[in-house]
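Asker: sequence first, then the predicted structure, then my questions.
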Amino acid sequence: MEPLTHVEEETMQAVWRTGEGNVKAFMEHLDEAIPYTTVASTIKNLEKKGYLSSRLVGNAYLYKPVVSEADYKKKFMGKVVKEYFDNSYKELVNFFVEQKKLSAKELKEIISMIEKGQ
């Protein structure tokens, strides 16, 4: 799985929200305004990288994800943990606690989820 640029990642998030669609449909689900030509070019790049597949319907292409959001997150987070947290999820959680991004209540919820095997 090739790494994605920021714009490619934003576009993939729009694709995952939309499901199958055309460039215009994906643009409606983008968090930031990106020109049509940029989105269209990005979609083609994502197809070349193997993230999307396309089919011709009439005179328009419809695209759908080949890589699921869950698979991408798994790969991306695994890389982040490996490269920035010495392959330790404990260090990742500790980072968020130190940055005050994770409260004691949320940490207890996480512990409960782990204990329940979720």
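Answerer: Everything's here; your move.
Asker: any idea of the mean pLDDT for stretch 73-88?
Answerer: The average pLDDT for stretch 73-88 rounds to 91.
Asker: now what about it, what contacts it?
Answerer: 1, 89, 91-92, 95 (CB atoms under 8 Å, 6 or more residues apart in numbering). Placement of C-beta: from N, CA and C, glycine included.
Asker: Serialize those residues to TSV and add fields for neighbour count and distance to residue 35.
Answerer: Shown next, in TSV, are the contacts of stretch 73-88 (neighbours: other CB atoms under 10 Å; distance: CB to CB, whole Å):
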residue	neighbour count	distance to residue 35
1	13	27
89	11	39
91	12	40
92	16	36
95	14	36
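Asker: among those residues, which ones are in helices?
Answerer: Cross-referencing these against helices under DSSP state H gives 89, 91-92, 95.
Asker: how many neighbouring residues does the closest residue to residue 2 other than its chain neighbours have?
Answerer: Among residues not flanking residue 2 along the chain, residue 49 sits closest, at 4.6 Å (CB to CB, 6 or more residues apart in numbering). Here the count is done by other CB atoms under 10 Å, and residue 49 has 16 residues near it.
Asker: give the contact list for residue 49.
Answerer: 2, 4, 8.
Asker: which residues touch residue 28?
Answerer: Contacts of residue 28 (CB under 8 Å, 6+ apart): 14, 18.
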